[in-house]
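Build me a model:
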Amino acid sequence: MADLFANQAPQDAPPAEPREDAPLADRLRPRALDEVIGQDHLTGEEGAIGRMVAAGRLSSMILWGPPGTGKTSIARLLADSVGMRFASISAVFSGVADLKKAFAEADKAADAGQRTLLFVDEIHRFNRAQQDGFLPFVERGTVTLVGATTENPSFALNAALLSRAQVLILHRLDPQALAHLLDRAEELEGPLPLTAEARDALVASADGDGRFLLNQAETLYAAQIDEPLDPAALGAFLQRRVAVYDKDREGHYNLISALHKAVRGSDPQAALYYLARMLTAGEEPRFLARRLIRMAVEDIGLADPHALTQCMAAKDAYEFLGSPEGELALVQACLYLASAPKSNAVYKAQKAAWKSAKVTGSLMPPQNILNAPTKLMKDIGYGKGYSYDHDADEGFSGDNYWPEEMEPQTYYAPVDRGFEREVKKRLDYWDRLRRERGEG
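Below is the predicted model of the structure:
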């Protein structure tokens, strides 16, 4: 059995050299971990992967990062670096039968003294029960699991699986790393038919995705262009990469969080950028209108009461005009919110009042403000002693409106900004009158 495995190529083992007609991205695939571009924080000597390779033993891990950042390449090179058998499956194309087969082959290899690195691409696409199926094989060491995902593991993977694997984060490739990839392509294929400015534009269009960049470069080589293209000609020749954005996944939540925090932080320029990111990526404008309305009441409130009016008007304008014209109304609302005075006093007041209401339960209001629609209710004291504020001096009676078993509370504390500065003056004035009349 040992001889059988010694002479048999590991499942899905990468060929020593790619075919001459293989895609450019495959021909430029790194042959060693130190050739992986842009992930030195993991593959370097001080990185988590570098340390594991130096020790000669891998732990199970989840490689989390954007597309085209080297997850598959790293997994293949890891197996080779520590002398493990490499097997791979894709959660997109594989089911329970494929998993059982992979585990059975790993068991055979283990009997022959050969450890297996099982690479699972798009691991987040397996359902919870399928993810649970990995656990016994990982626990007893049948396989060292290396999963790859573009989704946040906290949301996409079982807690039990995460507790048995180390999450390693791959960075999107920065312009320097992408330019280095193009350098390697040009060493192999010759100069790209681009001006220096167009080359920079090509790097920018990749949006951190090395595989996409190399595919675009391959398209340029195949076209056999005679004269170098400038940025405008390049833009006409190649389609710009669509930004990574899943409306029901982490990209969505990251960008709406960034938009909300930029508005709260009174940075209209950054707020407009994130609004543009979401709209150009295909976000539903009505979702953004709802979030802008939320920002108006949560982060501005009575510091500028017109903020809510602006957002409601923007929502109505969008409904009336549709896209793309109506999106300008959302831009106006976004800029209004970001440049408005900020206060979360209304938001804090709501939370405090809700908490108090739950704690105090069913306390009755004081009798003087109880409704008394019948003679019986009047006879037993409902409404007795109520002071009609419009008949009092300055339109203010100073009566107590709190349940007798409850001390008056302060939920709403306006800030000294925007319109709330005037509200604060008014509340302070009424508090002073209340104290004076109480003392009298």
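
residue contacts, D267?
Contacts for D267 (CB atoms under 8 Å, 6 or more residues apart in numbering) come out as A338. Every C-beta, even on glycine, is put in place using the N, C-alpha and C of the backbone.

and the longest helix for the protein?
For the chain, the helix that runs over the most residues, judged by DSSP state H, is helix 420-439.

doesn't S339 make contact with V263?
No - under the criterion of CB atoms under 8 Å, V263 is not in contact with S339, lying 9.4 Å apart.

Between the two, tell me which one has more neighbours.
Between V263 and S339, counting by other CB atoms under 10 Å, V263 is the more crowded of the two (31 against 13).

so how many other residues sit close to Q367?
16.

Can you give me the distance of it to F93?
Distance of Q367 to F93, computed by CB to CB, to the nearest Å: 73 Å.

Likewise for W354?
According to CB to CB, W354 and F93 sit 49 Å apart.

show me what contacts P30?
Residues in contact with P30, defined by CB under 8 Å, 6+ apart, are 36-37, 70, 73, 77.

Swap in 7 Å and give it another go.
Going by CB atoms under 7 Å, 6 or more residues apart in numbering, P30 touches 36, 73, 77.

Just give me the closest of the residues you listed to L272.
Using CB to CB, the shortest approach to L272 within the contacts of P30 belongs to V36, at 36.4 Å.

The closest one against G44, yeah?
No - shown here, V36 and G44 do not form a contact pair, counting by CB atoms under 7 Å, at 9.8 Å.

ok, those two, which is more surrounded?
Counted by other CB under 10 Å, V36 and G44 do not tie: V36 has more neighbours, with 21 against 15.

OK, contacts around the more buried one?
Taking CB under 7 Å, 6+ apart, we find V36 in contact with 30, 43, 70, 73-74.

The residues you listed in helices, which ones?
Members of the contacts of V36 lying in helices (criterion: DSSP H): 43, 73-74.

With pLDDT, neighbour count and distance to A296 added, can I get the residues you listed in a markdown table?
Output for the ones in helices among the contacts of V36, formatted as a markdown table (pLDDT from 0 to 100; neighbours: other CB atoms under 10 Å; distance: CB to CB, whole Å):
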| residue | pLDDT | neighbour count | distance to A296 |
| --- | --- | --- | --- |
| T43 | 92 | 26 | 47 |
| S73 | 92 | 22 | 47 |
| I74 | 94 | 25 | 45 |
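
Phi first, then psi, for V143.
Backbone torsions of V143, given as degrees, to the nearest 10, read phi -130, psi 150.

Which residues are in contact with it?
103, 106, 116, 118, 137.

didn't the third one look like it was pressed against A109?
The one in question is T116. Yes - the pair T116 / A109 is scored as a contact, 5.2 Å apart, by CB under 7 Å.

For those two, list the residues in contact with both.
With CB under 7 Å, 6+ apart as the test, T116 and A109 both reach R85.

Compare those two (neighbour count), which wins?
Neighbours were counted for T116 and for A109 using other CB under 10 Å; T116 has more, 26 against 22.

can you tell me how far the nearest residue to that one once chain neighbours are set aside sits from E189?
Spatially, and ignoring its direct neighbours in sequence, T116 is nearest to A106 (4.0 Å; CB to CB, 6 or more residues apart in numbering). Counting by CB to CB, the gap from A106 to E189 is 39 Å.
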